Each structure stands twice: as structure tokens, then as C-alpha cells.
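Trainee: Structure here, sequence nowhere to be found:
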């Protein structure tokens, strides 16, 4: 079975219109989302399923499109209402095709407010809607003002407590970027590097031994810059950096075949989950491979040193371990 | 002929999608608007024309939906690209039905930046696209930070120079409101009151004798609070407030029949232009009249003291005078 | 009996001198107010009484001059000491002529601080000095920084609790305006519109069923823009806007006779209290009427459709209902 | 002849009322000062002259009361109008008693704006009204925000150029203080210390060899802390601190007899001008001397080591030198 | 015995290197201080002792160099680690030469944070390391942002409670100054003046009757400006300023002989403690005395009106009284 | 010949002491750097040369230690004086051992000020001191406030003009990081990624065809995330990302052998310059290789697919091409 643990919702036009109205009015007043018709959902979902069939994906984990999560838009009510609407649309798809989709919730994070404001929506998504995990944006200020503390800081503990309580993982994924210095796609990468180092230098995994964190896009810059952080850890004493980094999970959403091979070598097959971020930056034809950049299954299957068991872990096994609620029904 | 001088564009779904992508990415990178298909435009326009026919409107002046102008959204590039896209859609409608529509341009105002950044787009809309006026938002900060100076301040002179040069009027109309104290629809009213007083207490009309300014929604609070401003003017000496206010134009977009009658009495028939703000806040059924609140023609026609000439002025004549480019072809 | 429920204190010169010293020193150190001599009080009060006699007012409710309340002046101690001094002068007048004056307290509001800091002074004024109500400024930041939340927000609940406990109404009246975009007299109007909408869209009257709120100056822009808010309420469902607005009281401080007539028609005679804001903006000769703008009794008496009972309500009855402590002795 | 070079205007009640109205309205709108009646001026001036006669002062130099200069009050227009009004009142007194008064102008300084905005008023006061100098406030932000650069900075050069051009001195004197850490009277002292050091460590007197600067209140802390600054100068090389400080003038407004004697010893009789700051902090009875604290003539006359020529310099001669326009008529 | 109650640590080069690394990295990560070798400590201490012997000082109280305390450097962790390191070096010197040195602790104050964060380090220094007092910086924002409230404010009470509990005095001494308007050496003086007035106008000594506060550098400007504050106190009523000021202690660190004599006359011999601030601003040769400016013993011994008992108090007795833990072993 | 193009100065203790004094005083006053003795320089340089000999390096390019450049420390004068002092020490080393060292200048960048303030020091270093390049910090705000625009922005053009005029390259290298979210060593990596994308998406190389830019540390995250940026470039059309990135140079300062091999494969041997960042994060023993992490020569020599010419380019040839002034004497 091929499980794509990192995919994003395709939005029907009703959702775009609601987004526009909500932002334009600043939720002032806040019109409730009137929902999407069954046909719209079905049409969008069917199109998606035929793409999945084309690349051989059995199950996709759907989360909100990260760059559209509006975490920095004032006032907070805009993002709160928007998040709820998007999660509802994801839920509708999952309900329609329960064998092909799982929901990964967006959280109504807001700038550098405490993540406490996200616990209700997370609870709702997991307990009521059957979602199996959530996105976690390390910088909901979206580069517009000072970001909250790094993920290693107790600032985030209320969320970690809830994640552990619900036994769901968080997929670290930043959202948009208001600062022209960094496009959102590059900010993804930088925020992942920051998240990894902040978590590994902290007491988070000591304080939450059962917490599960997945880092998107193959871990930002860290696998490539391992030497630097190995040296840094050496200076600080204690566990080696290679030991430490095994505490985290990573997805395979790295659109170059040799980098993906490099990633699996450095991070190990036990910690990497198949994920493509479809639809996303990589959903475009690559001249070299004649496939879309984000059609990553062939690249993994082409790595000759991977055993069948390794492949099973990457495509399915690790995902079952991390997203324990996804396959429990 | 019934000319509705204050109406807003109905947006096809492609425009909502573009809006969402533009805001979400913060124009970083800034994808160009790929435009709207001819069928989409035609479908939306046809629907609109049948509504116009239903209420007896011959010509509508289409401007962007004010609360969706995104004037405070950072960075400025978002609003600049968005304004251009919306103006292009308005232009497409006008080109398709040149006998039924005229374009009133949105300006890419940005927070408290000088309006100099709007001159190119205004020039483009009027000289290249054939638009006949523009919206002017007195608070493009949309209540999020300190607003620019009042419309009476030399801050606005670069725009006034261009308006005079092009011989087009500005329709004063605020956009959204980020502050939950004020909904955007209430901010419209308050900003109009501020605009009137700021302009009348300034040297603007002395410095720009041929400048034409139209105030939306019947002039905010001022007609109702005339006594207060008459007394105020009395204290300051000079022209009476009633004389001063004749320097401005107003539309009739006041959704209560008796208030509309009151307005025409106070402001005079020579200064009021028919306008309904359709589609907008008033596009909803009124139990009392069994018409939509913004179906204002019957309310005007019911005022017994209006002569035929008065009605002509309100429905057509004043508009021809103010929007001189609208009927020149 | 003619009761002018909205009048402001005339300040003896000692009070101006204290004001100047207090502001100049920023209450640093804070010299205590040494009070006003009996003769000064008497002289100012006698002058006022002869004016009242001239226009036929029996009783005036005296409150601080709103634009002189100094709510935004830093540090808070300036306004606190100033408010106390002004309330003391009002009290001295009421004590001297108990048949002609009632006290309406100023509150030491400060920028966007919680109104909790006002409870002691309100308690002192009502319980110790015998005041019958208070002013409530919806924007004590006076336009210099971000205002506190709208009056519908729980931010104001501590004050509402105290008002209900003491059974006194609040007269909504903003103070000065630091921003040249808006003169204070125009800000009065805009803040009243904001206050009305914020209160009516909130849970305030559900949470405080016995709370009494009076809106100054005939309700800002709202009566004139009723159509807009009727339509808005229609969209939101629930009670009609006309029903909702009956929950509030208004004074008649609208300096134009036809607007006043319009107001009474729209808001109803049961909700309007006679009030003139003397001395204030309208205390100046009107060429048309040959009376001061704020000499409003003749304008009301000239409305032919008002019954004797209607007039009684407006001039006295509604005031007795709302200001229940004012006539209880 | 006894010339008191540092005295402040006593304000008639009309001026306090204007001050109150101006501040309360934030000059929005800005009512013009209607002036003070001749009797008011005469009454206040006569009272002052009898006090002068009582202590033997022949001529007083009148400047605005420093703590009432409103330099930090927003918007700038308040202070601009206020300064002009106070200067006009000073002028009226000087015109009435040309043998007893000279005018020292207040400047409309505003927070950390460039002093360029003061040049017109300085020019007006000196060239039109016959004033002989001006106050210079080194921190017109009055402690509310970051102060402008020290007096040694080129920031102040536009003012220095004008002072030199008009051949009038500036009397360094801060105004109020918004920060409860420092009362205004203590801020006077601290700002004088800062002014001295900033000027002496700068190129100001090299760039403006004919500039004349007088420091109020005996030079703040510096004479008492001379050792520290002598050592500091020693480290930096160049002229000794004692040589440097001779470039400045000081007044004798130091309310303790032994400190005054100490001052004259440290700073030298050639650089000190008689000044009392009346009316001010020291205008109160001193138990020890049975005179007001600011009755300083006896204290100076009691210093046995002062020669008659020394006394002439202090009481008159230095003042003639520094305020060259004061005695030129 | 000659006890110099105000002297600062001479730093070995290891400490400079640690300082550089700590600041440069912003304690991010925060390398622990690896300490200074015994030889380094001994070398620096020996050099210091020979200087002490040269001027006849028996015991020096060593505190951190004030202008190097880094109280405003962000983040707070830098100053916290730095303070601890410096205190440790001071402790090492005291341990090495227990007959010649006593430790006066630096506190990890940070901008306008509550002094609560200093209590642990103060406790550690006094209870574990045997220190006898601490420095207290009234403006740890170092002029970069708004300072905390004056020392008379309850803001400081947590620290005062701890000082009283431990029975140690605080030596008021500001640190560096980020604002070019004021050099740190001048800010010392100004902050002392502010501290004195703030404390004397407050309830601090009523609330903490056994609190002991020493003001550095002879009390800033206050002794020289006593007349002003005597008049000020007279206005406020209550105890005379001369009585009030006896509640404080002062050191003799005033580098001019006549000012020192003036100080002792004004403040009295019972409240002044010998202190030189060595090494500091005054550690430079004075041409007039042929000694360093801060070699103050001869200046005191030269004052002819001081009795032997007076001298004992200044050089030793007052210090024993104030620093009760310093001589208790 | 082995040329290490990326090495940092080892600082003698005099420099640390100067750094401490400069920061602590905030250059207020600004003591001039008194320089370092010849012996100190020689001692430090000799130690360094023996290390170079140990690893076989012939020539090192010395620049300031990046994390100690103090670019965000206020006021700007601190960094300006510090930069000059460090460059002078580098120059002294180069003068002493002209066959072993070359100077790469630090620039006195300051927060988000224009780089215009750096041109004089760059000119001085290159033209007077014989330096061969400079460091360029893309975020001199050091994470404390909003960074300047990305390196692709015209903001940087004044510097690029000077670099082209002098024909020297800039080595992109961020400095410290004030924000605990990111250690400085991780910020290096993230800033490099941002710099690459900002430059490649800009017009910089079109506007400055001869500009030479070297990116430190193997290019941050970009080589590892090439797929993402290839897809991104594909969407935007135009040159492929692989073509674009050839416009930049990179050093080999990547402390893991397999990542280094990966880098050379992805970026190509023509664009990579040998560089080790010694002394720096990697100067610590690696258990696996039994060499320091930053002893990179053996790792390069072990790559079997590199030809002799490839190695020549990496170790010497590319450096000669880029740093054209380094070998011209």
C-alpha cells in the first residue's frame, strides 16, 4: 500500500469565495461558512482520486494548503473561521471516500499567541471528525512580526500535551510569508531547519516521551549540513547529533532523486514517511524525468540499496506507526 | 434614462481564486492574473443585466467591491496586482456591453502612503480602458493603523491634480475595516462624514476649482446633523454651511425612503445622483416595501414634491454633468 | 417641567488655572485642587440660571465639558485628578441650587485601560455626592492610539455592573480628538454611531437587562442611515433593527428642527430625552430662527403631531424613568 | 542696576482659559487667541512690579513659564499657537512698562522635530516684538519619547545660525516632564548637566564662535561634579575642563546661599548673570532666611570676597554683554 | 583603618574574552564561563593591592565595573550569565585576600523587568559567597527605552524585601548609557539625583524602616541644588528636605576637594562613607594635586573642621554601620 | 597550492578588551583603538601558521569572526569603530606574513541602514590595506528587528557598484543572531538560502554582469532542496534553476564528507572554492575521522571522481579567478 502522508486539499470554488469574503470583511461581521455542495466535493475529490490512481497512491492524508492558512491575518477571528471551514471541507472528502483519504487538521494559530487557542479545534477534528494528525506552523506570524519562540520552548507545551493525549502527530509545516525576502516555499525549508534544532536542543522529548513530530520536506537544510550540527553537538557534549535526530520523523517530499537518496542514507529508513505535498510547488512537469517533480514513488523505487522491507516502511509502515489513529478503524 | 452611478462589480469565480492565491502568497511571488474567460464574463454580466432590466436601470457604473479592495494588506504589491485585475474584469464587462456599463476604477491605495502610487493606474483606466471616474478611499489603512490626513489635506493633491487633468470625478467610498469596533458598512458612513467636513474646512476647492467629488450613501451623518455643522460654521465665520456643502455631490444610496426624502430636501436636487450600491448591503428583501432595500427608484418616484426636471437631474442629468466622460462618445 | 438632561458645567477661572497647572506639570507632582470659592461658584451658577430661565429650563443635568475630560493625556494621574476636581465643582453647584441642578459624573477613563479604574469615582459621585448618572466615553484614547473595544465588548462589563448596581444610566459621549482628521464635535457623532451598532450587535442587554444607556445628539448617523442597518439586521436574522434600537435612549440634542422631527419619527417619543448640550457647539445665534442653535424647546413644541403626553415624555417623563435617582429625594 | 535675567511671565486668567481650550480641543479646530484686555495686563504687571520693587529689581527678563510650554503635546499645532499667545502677552507687558521688562521668547519646539520650525517665531519675536533672547529646551519630548540629540549635535545648527544672525542668546531651560521618574524641576537640573557636557564635547563653539548660551540654575550638577569632568577631559586631552566651561554663561538661580557662593567660586564672576526664576519653585518663604528662597540678591551681596566690580558684572554687566539687544535702544 | 566602600573589579583577560563571546553569540548558545586561573586572579589582585598600599587603603569593597554590567543587552540571558561570571571573579579575589577585599554583588537587572529576577543571584552572593552588599542600577534600560519607575515605586519592593532580609545595603549606581546624549559617567550623576528625589518623595523608608541605601558620587546634583529641593519640600509641607535626606547614605566619590568639603558640610559626616570608585573615571593624574583625581584621602584629611571622630566615621565607622555583614566575621 | 578562502581572524587579548570597553560604553565616548603590539600579533599569527602547516594550507584568507561583527548593536558607532579595529588587526597579520595571509574586510553594516555607510571602509581596506574581498551580511539586524530587503533588491546596489569598481568579490556570511529561535550557526545556513534565491530571482547579475558573489557553507539548504527550486523556476519560465545557480560561487565549508561530495556533484567543480571557516564551529575533533570537522582537504582528496584539474580548481584555480586581486602582486 502506498500512503502519501503529506498532501493538501484541493479547494472547490465555494471555498475561494468564502475565503475572499472572510478576508475582505475581516470577519467583521463574520459570515458563517455555508458549506460546499456534495457535487462540488465529489467533483474535486474524483479528479484527485484519478490523479492518485495515475501515480499509484492508495491513500492520501489531506491537510489545508499551508500557504493559505492565514495565520497572520488580523484579527484572529478570520483565521479561526477559515480554519474551521477548510477542516470541514477536508472532512467532507474523507467521509465521501473513506478508503482513499484521511484528514490532517489545520490549526487556528495566530501570530505569536499561545497555541492554547488551537486545542478546541484540534479536539474537534480528531474526536469528532476523525482526523489523524495536524499541521504545526512554527511561525504563525508569517514573517510579519517577531515569531513565537522555537518549538523547543515551553510556549508550545499546551499543544504537545493535547497531541500526546489524543495520540496524534504534528506535521511541522510553515504557512505563508509576508516578507518579500523569503517566498513561502523557501520559508518552509528554513522553518524546518529551525524547528529541528530548536526541538533537539530542548527538553521537549524528555518532557513528552510519546510525542511524535514529523518534519516536512526531508528536514530543511539539516541533512545536508549534518557536519556542522555534529560539530556543534560535539562541543556541547551529550548524545551525538545523529542519535538525537532519530527522535524525529521526516517525509520524503524532496523533489530531486539524488537528494532523496542522500536523505534516506543520512536520516535512515526508519524515520522517513512517504509524502509528496501534492498539490504544491512540485506539481509541474520535470523535463528530465518526464514526470511531475512531486511524483516521487519512482525515485524511491529506483534506489537500489533499499530492501523490500525498507520500502514497506517508507511507503506504509512508518506512517502506520506515527499516525496510529489512521488505520485503527 | 436611469443611470445608476454607484454599482459594484460581480466577481466571477476565477477572480475569487486569484484573490485567494494573491493574498495567501502575499504576492510573493506575484503570479500574474491569467484573466477570466469570455463565457465567465458574459454569464456574470448577463445575470446582472437581467437584474438591471428588472428594476429599470439603463446604465450601471461599475466599480470594485469596496470592502474587497485590500488597501491595508501588506505588502503593497498585493493590492496593486489585485486592483489591476479587478479593473481589467470591469473593463471586460464594459467592452462586452458598452451600452449598459461604464467603468469606475479602483485605485491601488496603500495604507498611509501618498496617493502618488495611484496615478499610473488611474491614467491607465481612464486613458486606455475608457473608465469615467474612480473610487477614493479616505482611509486605506482600513482602521488598522493611523489613517492618512483628511481629504482636505495637501497629502491628496497629487491625486486631485490628476483627476482635474483627466476631468473625472472621485466617488468617496471607504473599503474594509480591520477593527472590530466598526463593521465596514458603518465605517463607510463615518468616513463620509469625515470626508465632507475635512474637504469643506479646507482649501481644496479653492485650489482645484474644477475638482468633482461625489460622496457615497447620502453623505454619512451630515445631512442629519446639519444643525451642528451650521452652528460650527457660524462660529468660524465665512460662508454658511449650507452654501459650502453645495460644492459636493452625493449619491442617493440611502435605503430608507423617508431618509432619502429628507436628504433631497436638505442637500437639494442639483447635487444628488442616483446610485444604489448594487450589489451590496442593501441587496436583500425588505418586508415593508416587498422590494430589495437597494431598489431605490420607486422611493424617489414616490416623492411628490419632485418635479419632472428634478427627477431627470437625479436619474441622469447630474450624472452627465459630473461624469462628463461617461457620455461623451 | 422642562428637564435638560444634557448640559455641561461652566468652569470658573480657578478651574482653568488648575487645569493648566495639572496638565503642564503632568501631575508630577500632583498639586491637590484647592477648590473654588463660594462666590465664584455662585457667580457662575447664577449666570447659568438666568440663561435657563430665559429659555424656560427648570432643571439642568450638569456633566463635565466632554472635550475637556483629558482622557488621553498621559499619565493617567492627570485625568484622575482633573475628573475629581470637575466633579467637585459640579457638586458644589448642585448643593448651592438643589432645585435647579443635578450632577452627572465624569469618569477618569484612560486610553484603553479597563474601566475598572472608574468604579471608585463613580461610586463616590453617586453615593457620596448624590450624582444621578455618568458620562461614558467610548474612545478615551481620543483618537491618539487604538481605541478600546466597542461598547458591546465584555471589556466594559465592570462598568455596566456598577451602573446596574447603582441604578444610574450612562450618557454615551466621546471627549476630545487628537487626530486632525476629525474635530471633537464630529467625533461625537461618529462614536455614537459606533456605540449604537456595537451595543445592538452584542449580548450587553441580555447580560444586563436593567442597564440604561443614553446616546447623545440624537444617535449620530443611525436614524438617517436606518435603511442600511435594517438591511444589515435582515441579513443576520433575528429581531428587526427597529425593534433592537428601542433598547436605547437618545437625547434631542440635534440642532436642526427638521432633523429633530425626523429623529422623533424614527426613534419614537418613548426613547428620546430633552437635552441641549448647553453650553456647547450650538450655543451661537442662528440667523434663521433668531435663537441659539441649542435652544431646542421651541423646535419640539412646534412639531404638530406630538401630543401633550408625547411632550411630557420628552421634556420630563422619559428622563424620570431613566435617571431614577434624579427625582427620588 | 539690578537686572533679573531669568523671570517668567505671570499669566492672566484669560491665558489659562485659552490654554485649557487649546489643549482640550487639541487645536482641532484651532481657535485664535483673542488676546488679553489692557486692564488684565496692567493688573498682573502692576502686581509684579510691586514685587520687583520689594526686592529691588530694576528690570526683569520675562519668558514663558517653562513647565507650561507644552512642547510634547500632540499635535504640534497646540504648542505653536500657545507659544505665540504667550509671547504676545509678554510683549504686551513689555510695551506697557518698557523700563521694567524685556521679552525672552518661547519657541514652538515640538518633540524631536528639527528646530527649523522655530525660526519664524524667533524672528517675529526679536525683529517685530523687540525680544532680546529666547528659551531653548534641550528635550522638547518632555521625557515622553526619545529626546532629540544633545545640544552639541548639528541637529540644532539651524537654530544656532538664526541666534547668531539675530545676535541674541539662548537660555537653556527644559520644560515639563511626562515621566513620573523625574519632576519637571529635577529635569531642569539634569537637562542642564546634559546640555553643558554635550556642548563642551562638540564643535558648536568652533562652528559658531559668536553664539551665546546661558545655562539656567547655576549649571545643573556640573559645578559640584567638576572633578569628575576635569578627569574625563584629562583623559581626552585638549583644553582643561575649567577652560572649556568658560565658554558658557550661567545664571545665579541657585536657592541656597552657600551653593551660590560655591558656584561663583567655581564658574567665575565673569560668566554668571543674576537670575531668579521668579515666579517659580523658589517663590516660597524660607524659614532660615525669612525671605523667599528666590530672593537671591541679599545672598550675593553677602559674599564678602566679591568686589564692587564683581557685583556689577553679576547684577548688570554680564547681562549687558550677553543680551546685547536688551539695552541698545 | 581606611575602608574604600566603592571600588570596582579589575578584570583579567579571560573575563574580557568571555564577555566578547557572550555578547557576540547573544548567549545563543550560552557557553558557561570556564573561570579564571588562580595565577590570573593573583596577578590582578596583587597589582591592585600594591596600589591600595600606595594610597593607604586597608580594605576595598569590590563590585562589577558598572558601565560593563550589560543590563540592557538583549536577550536577558547575556546579562544573567555575565553577572554571575563577574561575581565569581570578585569572589575569587576576596577568597584569596580576605583581609583586603569584600564583595559587593552585581545584579542581573534587565531593562524594565521586575527586580524579582535578581533575588536568586543576590541570595547566592550574600549567603554562599559572603558578599556584603550589592549595586542597584535605577535604569537598567541604560537609556535605550523607557526606564522602570523611580526607586520610590513599589516596583522595587521585592528587592528591598530581600535586602532587608539579608541585612545588606544597596549602592545606587547606574551602568552604561546607550544614548549619545549622555555619557555613562554623566548618567551616573543624573540617575543619582533622580534616585534621591524618588526615594525621598516615596513611602519606601516608611515601608522598609531598616533598608539601607547608599548613593554614589556624593549624591549627584542634589547637595548643590539643595535650595531648590528645600523650597519644593516646603511647598509640599511635612519634614524639611534636610531632615529627609539624612535617611540616605552617600559616598565621597567626588573628585574635587572643595566640592567634597561642600558635600560634607551639606550632607553631614554621619551619612558619608569613604569611596573612590577605583578604578574609574578619576584614575588619572591631576595636574593641580599631582595625585590621581580619585586619590581622595588627602582631600578629606585636609579639611580642617573635621574632628578625629568625624574622620573615623567617614573612613570606617559609617561603613561598619551600613555594611554590617562586612566586619562580622 | 592550497588556498583556504574562508578563514577568520584569531583575536589577541587586546582586541577582546577593546571590544568589551567599546560595547560597554556604547562608544560613548568612543575610545580609539590603541592597537595591538607587534609581539601579540606575531604570537597569534605564528600559532595559526603552525596549524595551517599541520593541515597543509598554504594561504588563508582572513576575515573578521562573523558572529562577532556587532552589526545590530546600537548605536552604529560601536560597530563602525569595532570593524575598523578588526580590519586593522587583520592587516597587521597580512603585513607580517604576506606569503601566508590575505585580508577579507569586515564592513560596518548597521541594522537596516543602507550599505552606503560601508563604502569608505571597503575602499580603505582594498585600496590602502590591500584587502582582496569583503564579507557581506544579508541581515545586519541580526534577527532583532526587520531585516533589510533581500540581496536581490536595489537597496544593495551602492555596494555592488563599489565591489565591481574595485573588482573584489563579496563572501555572503551572516553574523550573530539575537533571537533565541536561531543560533548564529543555523542563521548562517538560512541566510545563505535566502541570499541565493533572492539573487537568482532578481536583476542583480543583469545589472552588474561582472559582480562576483561567493556563498558560504556550500550554499545553505539549496543544493539539497534543488528539486523544489527547479520546480519553482519551471513555473516561472525562463532559465532553468541549474543554469541560474552557476552564476554564483560557493565555498566547501561543509563539514560532512558525503554532503561535500553531494555538493560538488550538484553545484559543479567550477563554482566551488576551498574554504574551511577556521577557526569556527567545526574546529573540534570528530570521532569518526579523527580529524577536526573543519579539516576538509582529506575529504575532498578522497572523492574519487575528481580529476587533478578539478582539484586544482577547487583548491586554487577558482579562487584565483574570483579573488583576482589576491594574486596580482
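Mentor: Great, that's in hand. Quantities reported herein were computed from a predicted structural model and do not represent experimental measurements.
Trainee: how about the strands in the stretch 101-250 of chain A?
Mentor: For the stretch 101-250 of chain A, the strands defined by DSSP state E, counting those that start in this stretch cover A:101-105, A:133-136, A:170-172, A:213-215, A:249-251.
Trainee: which one of these lies closest to residue C:138?
Mentor: Residue C:138 lies closest, by CB to CB, to one member of these: strand A:101-105, at 38.7 Å. Glycine gets a C-beta too; all of them are placed from N, C-alpha and C.
Trainee: What strands line up against the closest one, and which way round?
Mentor: Strand A:101-105 has the following sheet partners, assigned by DSSP bridges: strand A:59-63 (parallel), strand A:133-136 (parallel).
Trainee: quick check, distance from that strand to the centre of its chain.
Mentor: 11 Å (CA atoms, centre = their mean, to the nearest Å).
Trainee: which outside residues touch that strand?
Mentor: Strand A:101-105 is contacted by residues A:45, A:59-63, A:87, A:90-91, A:93-94, A:121-122, A:125-126, A:129-135, A:171, A:323, A:326 when judged by CB atoms under 8 Å, 6 or more residues apart in numbering or on different chains.
Trainee: Only the buried residues of that strand, if you could.
Mentor: A:101-105 (16 or more other CB atoms under 10 Å in any protein chain shown).
Trainee: Report the beta-bridge partners for the residue positioned nearest the centre of chain A.
Mentor: In chain A, the centroid-proximal residue (CA atoms, centre = their mean) is residue A:171; its distance is 3.9 Å. Residue A:171 has these beta-bridge partners by DSSP bridges: residue A:135, residue A:214.
Trainee: wait, isn't it in contact with residue A:136?
Mentor: Yes - counting by CB atoms under 8 Å, residue A:171 touches residue A:136, with 6.7 Å between them.
Trainee: C-terminal to the helix or strand containing residue A:310, what's the next element?
Mentor: In this assignment (DSSP states H and E), residue A:310 forms part of helix A:308-312. Remark: after helix A:308-312, the chain's next helix or strand is helix A:318-322, criterion DSSP H and E.
Trainee: what residues does that following helix touch?
Mentor: A:3, A:5, A:133, A:169, A:212, A:214, A:249, A:270-274, A:326-327.
Trainee: sorry, back to before: output the strands of the stretch 101-250 of chain A in a markdown table, with mean pLDDT appended to each entry.
Mentor: Formatted as a markdown table, the strands of the stretch 101-250 of chain A follow (pLDDT from 0 to 100):
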| stretch | mean pLDDT |
| --- | --- |
| strand A:101-105 | 98 |
| strand A:133-136 | 98 |
| strand A:170-172 | 98 |
| strand A:213-215 | 98 |
| strand A:249-251 | 98 |
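Trainee: so can I have CSV of the ones you listed showing distance to residue E:288?
Mentor: CSV is the format used below for the strands of the stretch 101-250 of chain A (distance: least, CB to CB, whole Å):
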stretch, distance to residue E:288
strand A:101-105, 79
strand A:133-136, 70
strand A:170-172, 70
strand A:213-215, 71
strand A:249-251, 74
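Trainee: how about those strands, which one is nearest residue C:294?
Mentor: Nearest of the strands of the stretch 101-250 of chain A to residue C:294, taken as CB to CB: strand A:101-105 at 60.2 Å.
Trainee: quick one: residue A:313 from residue A:173, how far?
Mentor: Per CB to CB, to the nearest Å, residue A:313 is found 22 Å from residue A:173.
Trainee: So for these two, which sits in the more crowded spot?
Mentor: residue A:173 (30 against 22; other CB atoms under 10 Å in any protein chain shown).
Trainee: which one of the buried residues of strand A:101-105 sits closest to residue A:67?
Mentor: residue A:104 (15.7 Å).
Trainee: Before I go, just wanted to say thanks for your time.
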